[in-house]
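Q: Pasting the sequence and the predicted coordinates here, then a few questions.
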Amino acid sequence: MIRVSITSLVLLLVCTSSGLVLLLWLFGDWWRSRNEAILRRQSKQCPLCFFEFLNTTPDSIAPCPRCGAPTDFR
Ligand SMILES: [Zn+2]
């Protein structure tokens, strides 16, 4: 059996839980910035009415949902 003092046990628990919170925070920050970059890449502003929208079609040219003007997503 391993003998561990209560101080060491509490210290180990605090360090482990702090490391887990730090890892979750870093992962969440990375995930959020990744999704924002994808949204930024897929959104464009219409050249006619300046409405900002996402291209949900597989085509590189999508019509503006407000005025119907073709918008180039390349
Ligand atoms: Zn438009």
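A: That came through fine.

Q: So what does the residue nearest the centre of the chain have for phi and psi?
A: In the chain, the C-alpha nearest the mean C-alpha coordinate belongs to R32, at 2.3 Å (CA atoms, centre = their mean). Here is the backbone geometry of R32 (degrees, to the nearest 10): phi -70, psi -40.

Q: same thing with I61?
A: phi -120, psi 120.

Q: ok, now A69?
A: Dihedral pair for A69: phi -70, psi 140, per degrees, to the nearest 10.

Q: was I right about it contacting I61?
A: No: with contact defined as CB atoms under 8 Å, A69 does not reach I61; the gap is 10.4 Å. Just so you know, the C-beta spots here come from the backbone N, C-alpha and C atoms, and that holds for glycine as well.

Q: Now for W25, which secondary structure element holds it?
A: helix 6-42 (DSSP states H and E).

Q: Quick check: what element follows that helix along the chain?
A: strand 43-45.

Q: Give the other helices and strands that that following strand contacts.
A: Judged by 3 or more CB pairs under 8 Å, 6 or more residues apart in numbering; DSSP states H and E, the packing partners of strand 43-45 are strand 52-54, strand 70-72.

Q: Indicate whether it makes contact with the ion.
A: No: applying CB under 5 Å from the ion, one finds strand 43-45 separated from the ion by no less than 8.6 Å.

Q: about what we covered before: and the helices and strands packed on strand 43-45 as TSV, adding mean neighbour count?
A: Compiled in TSV, the helices and strands packed on strand 43-45 are given as follows (neighbours: other CB atoms under 10 Å):
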stretch	mean neighbour count
strand 52-54	13
strand 70-72	14
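
Q: Mind putting those strands into TSV with distance to F27?
A: Converted to TSV, the helices and strands packed on strand 43-45 look like this (distance: least, CB to CB, whole Å):
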stretch	distance to F27
strand 52-54	25
strand 70-72	34
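
Q: Take the ones you listed and write them to CSV, including mean pLDDT.
A: Output for these, formatted as CSV (pLDDT from 0 to 100):
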stretch, mean pLDDT
strand 52-54, 91
strand 70-72, 90
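
Q: I'd like those written out as CSV, with distance to the ion added.
A: Formatted as CSV, the helices and strands packed on strand 43-45 follow (distance: least, CB to the ion, whole Å):
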stretch, distance to the ion
strand 52-54, 8
strand 70-72, 7
